[in-house]
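Colleague: let's see this in three dimensions:
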Amino acid sequence: MREAVFGTGLVDGRAGALEAALDFVREDDVFVVTKLDRLARSVRNLMEVMDRLKAKNVELRILDMGLDTSTPTGKLILGVMAHVAQFERDMMLERQREGIARAKADGKFKGRKPTARAKAAAIRRLRAEGVMPTAIAAKLNIGRTSVYRVLDAGFDAPHQGTNLTNT
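Modeller: Numbers count the residues shown, from 1 in each chain. Coordinates of the predicted model:
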């Protein structure tokens, strides 16, 4: 009996730890995950993972659901639960899109306000007084990168779009 623990993380845009674990499993192993959503992000993705496990004759056990695919009932429940989870996610995204559209129509959703650009005059004044960018960021409660962005781009006043002062 072998046991290996794999964490999470992305490698080159893919789930590197999951890929490594799927490559690691051998025939007649049991692949154990804590939660279904840690294994796959969609029904299609889950079916791809299941096909890879099936090709190696590996069973799946999902701890928080008490699910074991070594039985026909376990396989059925896994499929049903995957589709229910996908349905819930689709419904949530639909409600989110509807809410944003409604808020935009009511003039309430305008996106995040450009905080650093709104403080451009203060940033320039403090820098002219000799205050270092890190101290400016701390004093104005904005990121240091934002301070450099304002100083480099020459923003004098809050506005949208391109910087018209340096054209």
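Colleague: can you give me the buried ones in the helix or strand containing V49?
Modeller: Using DSSP states H and E, V49 falls within helix 43-55. Of the residues in helix 43-55, those with enough neighbours to count as buried (16 or more other C-beta atoms under 10 Å) are 43, 46, 49-50, 53. Any C-beta I mention is one placed from the backbone N, CA and C, and that applies to glycine too.
Colleague: ok, now stretch 57-66?
Modeller: 58-60, 62.
Colleague: which of the buried residues of helix 43-55 lies closest to V32?
Modeller: For those, the residue nearest V32 by C-beta to C-beta is L53; the value is 11.5 Å.
Colleague: I'd guessed the closest one sits against V32; true?
Modeller: No. In this structure, L53 is not within contact of V32 by C-beta atoms under 8 Å, at 11.5 Å.
Colleague: any common contacting residues for those two?
Modeller: By the contact definition C-beta atoms under 8 Å, 6 or more residues apart in numbering, L53 and V32 are jointly contacted by L60.
Colleague: model confidence at the residue located most distally from the centre of the chain, what's the number?
Modeller: No residue in the chain sits farther from the centre than E129, which is 40.5 Å out by C-alpha atoms, centre = their mean. Note on E129: pLDDT of 94.
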